[in-house]
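Colleague: Take a look and give me a structure for this.
(chains A, B and C)
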Amino acid sequence: MKVVLEHLTKIFPSRDKKEGGEVIAVNDFNLEIPDGKLIGLLGPSGCGKSTTLFMISGLQAPSGGKIYFGEDDVTELSPENRGIGLVFQNYALYPHMTVRQNILFPLQNLKGENKLTKEEMLKRADEAARLVQIGEYMNRKPSELSGGQQQRVAIARALVKMPRVLLLDEPLSNLDARLRLQTREEIRRIQRDTKITTIFVTHDQEEAMSISDFIVVMKLGVIMQTGKPQWVYDDPANLFVAKFLGTPPINVFTGRVEAEKLYIGEECVLDVKGAADQEVFVGIRPEGFILSKEGRMSCAVSGIDVMGRDISVVSSNPASVNTVIRSIISADEMGNISGSTAKFDLKPHKVFLFNKETEERVRFGEQIAAHEKMVAEMKAEGQFYSTHEGPLPREQDDKVREEKPAEEKKGVFAKVKGLFKKKPAQPAPSEEEGAEENTDTEGKKNA
Amino acid sequence: MTKTKHKNNWKAWLYLLPALIILAVFTVWPIINTIRIAFLCRWDNELETVVGYDYQAAMIGKEFVLGFNNFTSVVQNDQFLTCLGNTMLLTVLTVPVSTMLALLIAVALNSIKPLRKIFQTIFFLPYVTNSIAIGMVFAAMFGMIGIMPGREPISIGIINTIIEAFGGTRINWIDQGSSYWANIMVMFIYIVWNALPFKILVLLGGLQGVNKQYYDAAKVDGASRWRTFWRITVPLLSPMIAYVVITGFIGGFKEYSSIVGIFGDDMGPVGKEGALNTMVGFIYEFIDHNQGKASAAALILFAIIFAVTMINLYVSKKKVHY
Amino acid sequence: MTNNSEMFSMMLASSSSDHTVAFCVILALIVALSGVLLFFVVRGKLQKPSVESAKKAPAKSVMKETAAASGSSGANSIKSVETKQKFSKILVSIVIYLFLTVIAVAVLFPFYWMLISSVKSVEEYNATIPTLWPHEFVWSNYITAFTGDLNLGRLFLNTVIVGVVSTILSLVITVLSAYAFARLEFKGKNILFAFMLATMMIPGELFTITNYLTVTSFDWIYLPAANPSVWQKISPFFSLIIPFLVSVFYIYLLRQNFMQIPNELYLAAKVDGTSDLKYLWKVMIPLSAPTLISITILKMMGAWNSYIWPKLVADDDLHRLVTVGLRGASFQIAGTNMVNYPAQMAAVVIVTIPLLLVFMFFRKYIMRGVSRSGIKG
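Modeller: As a prediction, the model looks like this:
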């Protein structure tokens, strides 16, 4: 099922009533998600990715814009009528039901002609359980399962109804590092097996990069760039995307382009054909350094981490925006460090320039042709590629956002519905909302 | 270190002293003494019967012996069965109804946003009232004025007026000549009215503690409101429900002042005094002249409450999800 | 009060068919409610065919096929589902608000009846058909309530004395005990605490009998005398106050509260050379203020509402408490056997209003305390 988001916008009223104003969690979001793919919505916390997911699920009503599943406009449909499966960040498994009951629950809710017989339900539940490999735990309660197992039960529960779209909210964040690796492969496998269009939300770029067919990088409710993970990594559209993707993170320097030469500090470090003269931020991937005795860029070495095949050189440079520069080089080149200064040459395709004002990418040399080829290839594949257009959102803009009137056209209903959307004051809805009149009942030991 | 500990030791007892003295005199001693006098009785020469422990008699040097006489005479007392029956009937009627109603109200309250605070405040009002005083208001609402045999009453009261406005026939609720079931009905309404606030408060607190994601999940899973209520809300709230049911039963077996509120110390309509007496009322009848019997009745009440609570706990252990 | 409601009430009160109008309104409301409820139930049966169901989800297994099979469905079915959704949402909220309103009316009606009855004339109160709004306001009922055989002033004074003294003493005892249990180390602490908690399980009626004997033997019960001695005047207050000074539950509550205060604060105070008592007074009590306020209010309310024990030990003109007095007073109209109900209701209002005022101001504390304890007073 193709999922199309058109001008999707979510505006939350401000938490502070007196101050007025509101928070734009998702801002004019346009996206076409191809059928049968695994899509990662990626961004730092508070970027609106979870809100987007909840709007797709129907649990939150958009303030504006449309959502299409295939050709159907589902914007106004409630979740149960959308045919989606949703896996919550903390799984939200019903604690009082066994695994089997949890998986059966969505099936038991089917009505009318969809109603299944008991045997059919059990069969479907077993099938879903087998798919996620939890068949042996069917009679346990969620509290008797490990995090990873709970996670699979949640997926099985989401899948058993055979949804058109599967949504996962931070599916791996509650797992430990080892399980995380294992589970993400699992998700990938299940998605390949079922071919269900799957959208998942994460703040972990490595996770998104490793399993997504496509990633959508978001910042402050705006799409910064979309595309295949490797392409986005290799060809970031702006400084934010470059900084957000990659571990260790990209090294950023201030520099300038003069007569098609890139200067960092006083050193001319690279020829940048085709780039106009301007002040720039220079992003250099850690793997973009070549240690060389005649290197054009010199940095003060403060440490060397040996990581087996590779070594990581920690150094500093006055023009560096980060406090340290991390460069990863082959261990064979270690001998090229003389004294406390390392001299580097740069790999041109690992160096990204961004205009200092707009933070938009400035491509040069072969990057221009490579980019065009990539876009053409994408279009030929019928895949989407988009980057943010217009001024990029900045952190400082956050506080003085324009005050658009909230388009709460559903007025009364939206309010009465209260049960499912409480006080949506923060961009990313978390589970602690509501419950303001906290009449705690803990001390009832005198029963 | 040891020095400070030692110092704290006597200090702690000093801090606890007032509490311990009062507890010893008014809590620990009563437990021992009540059990003791429940088993004390003597042969009374003038009455030519066995009578229970009584303070005045003890003061003038009458001797008491151990025996079960107090218990047997309580159980054989005509009033005892009436009291026990009334108590059980009112408890069995009011606890399920008030719990169910409170649950519905709590769920309804939890699902709205505007006006919730106002409704919550209104529903809590009966709690902060004097149950005797409001019982008198209920009596005024249900009561008729100037009721005499063979004559039209002067006023039939507001409740009967409402009933007649809807085409019903008036009922003599609480006045002279009223039927037992009419009396019970009034008590039932008043006790439920009185019991709702606490139950709503506890259940609403419980509901607000339920993770909203379960409801989101149920919504995604396509559960209807009805199913969500029975399959999600009730099980997740079952500890709270068990709590209000158990405290409801305990409170129900101690019912007394609500009946005094409506019927006065006579514990029944004029002409049928004592018809609505309860276990606690039974105990108080003997408290100033036959403490042995009163103690025996109190122990029986305690045993009943204990047994009912154990049954409740047993049932909830099977049904309640923690 | 707004003009509208006045007009409405006038309408209710003025004509002889007034009550019929009012009951028609009520009737209409209830009929509407039941109609909506009925419709809701019916609708529940016809429940929405969902989008998927319109498409008929593939019944057979293999999940691969299913996702692929989900094509596009007609715009019509979506529109109809949308309409139904909206409709059911409105309906549900209407039903919820109606339900809550009906219950709220049922809860408030006795208060309303109490208030309007207290300002009716005896004649109007005794009218064949009760009026929903008094023709004229007879405020003198309140004077009658105060000056009649009830002697409300004395009752108030007694109740306030008992309430204030027992609250203060109880707070002191509770704070000291909770402090000892929370902060100090001594032998047998846990056993003692467990024992105290265990006493909470025993119903109060069991204590009452022996306590009655105890206060009798202490000579704390007033025996009517022509010239009561000072002791006779004062001692019944002892029996009203002392037996209930220690509430194990409040000690427990406060101890829990004290234990949440980080130990570092205590150690820091020790380093500064603060004495234990000063620490208790300057740090722990302010930090536990909400719990202490809850205890205070519930304790005061307890004194105000207590009936059984005061009736037993102090049912005399000098020491009677307000609830006992209220229930015991006959409110008879002089020279007849008629009861002056308006005056009785006025007295009930006077007894109820302080409670409602306290509730209005301390709503949060009361509800918190109650939800924790389940103890009335």
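Colleague: From here on, just use CA atoms for contacts and neighbour counts.
Modeller: Will do.
Colleague: what secondary structure does B:Arg195 sit in?
Modeller: Residue B:195: Ala, not Arg. At B:Ala195, secondary structure determined by DSSP: H, G, I helix; E, B strand; the rest coil is helix.
Colleague: contacting residues for it?
Modeller: Contacts here follow C-alpha atoms under 8 Å, 6 or more residues apart in numbering or on different chains; on that basis B:Ala195 touches B:Ser98, B:Tyr127, B:Gly248.
Colleague: I'd like to know which elements whichever strand or helix holds the first one is packed against.
Modeller: Applying DSSP states H and E as the criterion places B:Ser98 in helix B:78-110. Counting contacts by 3 or more C-alpha pairs under 8 Å, 6 or more residues apart in numbering or on different chains; DSSP states H and E, the secondary-structure elements packed against helix B:78-110 are helix B:116-124, helix B:180-209, helix B:234-253, helix B:279-286, helix C:75-117.
Colleague: mind redoing it with 10 Å?
Modeller: Helix B:78-110 sits against helix B:69-76, helix B:116-124, helix B:180-209, helix B:234-253, helix B:279-286, helix C:75-117, with contacts defined as 3 or more C-alpha pairs under 10 Å, 6 or more residues apart in numbering or on different chains; DSSP states H and E.
Colleague: Walk me through the domains of chain B.
Modeller: Domain assignment for chain B by automatic domain parsing gives B:2-72, B:77-287.
Colleague: Briefly note if the first one comes near chain A.
Modeller: No - looking at domain B:2-72 against chain A by C-alpha under 10 Å from any C-alpha of the partner chain, there are no contacts, and the closest approach is 16.2 Å.
Colleague: any idea how far that domain is from the chain center?
Modeller: 26 Å (C-alpha atoms, centre = their mean, to the nearest Å).
Colleague: Give the buried residues for stretch C:318-336.
Modeller: Under the neighbour-count criterion of 16 or more other C-alpha atoms under 10 Å in any protein chain shown, stretch C:318-336 has C:318-327, C:330-332 buried.
Colleague: Could you tell me the phi and psi values at A:Ala342?
Modeller: Backbone geometry at A:Ala342, expressed as degrees, to the nearest 10, gives phi -110, psi 140.
Colleague: Which strand residues bridge it?
Modeller: The partner list for A:Ala342 in beta bridges (DSSP bridges) reads A:Cys299.
Colleague: How about chain A: which residue is closest to chain C?
Modeller: Going by C-alpha to the nearest C-alpha, chain C is nearest to A:Thr194 of chain A, at 4.3 Å.
Colleague: likewise the stretch 101-250 of chain B?
Modeller: In the stretch 101-250 of chain B, no residue comes nearer to chain C than B:Ser155, which is 4.2 Å away by C-alpha to the nearest C-alpha.
Colleague: Is the closest residue in space to that residue that isn't next to it in sequence in a helix, a strand, or coil?
Modeller: Once flanking residues are discounted, B:Ser155 sits nearest to C:Thr128: 4.2 Å by C-alpha to C-alpha, 6 or more residues apart in numbering or on different chains. Under three-state DSSP, C:Thr128 falls in the coil class.
Colleague: quick revisit: what about the buried residues of stretch C:318-336, which are in helices?
Modeller: Cross-referencing those against helices under DSSP state H gives C:Val322, C:Thr323, C:Val324, C:Gly325, C:Leu326, C:Arg327.
Colleague: Would you agree the last one is in contact with B:Gly264?
Modeller: Same thing as C:Arg327. Yes - counting by C-alpha atoms under 10 Å, C:Arg327 touches B:Gly264, with 6.8 Å between them.
Colleague: what residues do these two have in common as contacts?
Modeller: Common neighbours of C:Arg327 and B:Gly264 are listed as B:Ile132, B:Gly135, B:Met136 (criterion: C-alpha atoms under 10 Å, 6 or more residues apart in numbering or on different chains).
Colleague: could you list every residue that touches A:Leu262?
Modeller: So A:Leu262 contacts A:255-256, A:268-273, A:275, A:277-280, A:282, A:353 (C-alpha under 10 Å, 6+ apart).
Colleague: ok, and the most crowded of these?
Modeller: A:Leu353 (30 neighbours; other C-alpha atoms under 10 Å in any protein chain shown).
Colleague: near chain C, anything from stretch B:198-208?
Modeller: Yes - judged by C-alpha under 10 Å from any C-alpha, stretch B:198-208 comes into contact with chain C at B:Phe198, B:Lys199, B:Ile200, B:Leu201, B:Val202, B:Leu203, B:Leu204, B:Gly205.
Colleague: what is the mean pLDDT for stretch A:323-343?
Modeller: Averaging pLDDT along stretch A:323-343 gives 80.
Colleague: Show me what counts as buried in that stretch.
Modeller: Counting neighbours by 16+ other C-alpha under 10 Å, the buried set in stretch A:323-343 is A:Val324, A:Ile325, A:Arg326, A:Ser327, A:Ile328, A:Ile329, A:Met334, A:Ile337, A:Ala342, A:Lys343.
Colleague: sec struct for the fifth one, please.
Modeller: Judged by three-state DSSP, the three-state class of A:Ile328 is strand.
Colleague: hey, what's it bridged with?
Modeller: Bridge pairing for A:Ile328 - DSSP bridges - gives A:Ser312.
Colleague: Make sure it is actually in contact with A:Ile284.
Modeller: No - counting by C-alpha under 10 Å, A:Ile328 does not reach A:Ile284; the two are 11.2 Å apart.
Colleague: Tell me which residue of the stretch 201-350 of chain A lies closest to chain B.
Modeller: For the stretch 201-350 of chain A and chain B, the shortest gap (C-alpha to the nearest C-alpha) falls at A:Val201, measuring 16.6 Å.
Colleague: circling back to that earlier point, tell me the least confident of the contacts of B:Ala195?
Modeller: B:Tyr127 (87).
Colleague: list the contacts for it?
Modeller: Taking C-alpha under 10 Å, 6+ apart, one finds B:193-198, C:355-356, C:359, C:366-367, C:370, C:376 in contact with B:Tyr127.
Colleague: Any figure for the gap between it and C:Thr352?
Modeller: 11 Å (C-alpha to C-alpha, to the nearest Å).
Colleague: which helices and strands sit right next to the host helix or strand of A:Val301?
Modeller: A:Val301 belongs to strand A:297-307 when assigned by DSSP H and E. Other helices and strands packing on strand A:297-307, by 3+ C-alpha pairs under 10 Å, 6+ apart, are strand A:261-264, strand A:267-271, strand A:289-291, strand A:310-316, strand A:325-330, strand A:341-346.
Colleague: Now tell me what touches that strand from outside.
Modeller: With C-alpha under 10 Å, 6+ apart as the test, strand A:297-307 has contacts from A:263-270, A:289, A:291-292, A:311-320, A:324-328, A:330-331, A:334, A:337-346.
Colleague: Tell me which residues of it come out buried.
Modeller: By 16+ other C-alpha under 10 Å, the buried positions in strand A:297-307 come out as A:Met297, A:Ser298, A:Cys299, A:Ala300, A:Val301.
Colleague: picking that back up, is it correct that the residue nearest to B:Ser155 is in contact with B:Asn160?
Modeller: No - C:Thr128 lies out of contact with B:Asn160 (C-alpha under 10 Å); the separation is 11.1 Å.
Colleague: Need the residues touching each of the two.
Modeller: Listed as contacting both C:Thr128 and B:Asn160 by C-alpha under 10 Å, 6+ apart are B:Met144.
Colleague: what about these two, which has more around it?
Modeller: Taking other C-alpha under 10 Å, C:Thr128 and B:Asn160 do not tie; B:Asn160 has more neighbours (23 against 18).
Colleague: Low-confidence stretches in chain A?
Modeller: Low-confidence regions of chain A, defined by pLDDT under 70, span residues A:14-21, A:338, A:382-447.
Colleague: for the stretch 1-150 of chain B, that is, sorry about that
Modeller: Using pLDDT under 70, the flagged stretches of the stretch 1-150 of chain B are B:1-8, B:149-150.
Colleague: contacting residues around A:Gly308?
Modeller: Applying C-alpha under 10 Å, 6+ apart, we find A:Gly308 in contact with A:Ser330, A:Ala331.
Colleague: if we can go back for a sec, A:Val165: which of the ones in helices among the buried residues of stretch C:318-336 is nearest?
Modeller: Nearest to A:Val165 out of these is C:Thr323 (C-alpha to C-alpha; 65.5 Å).
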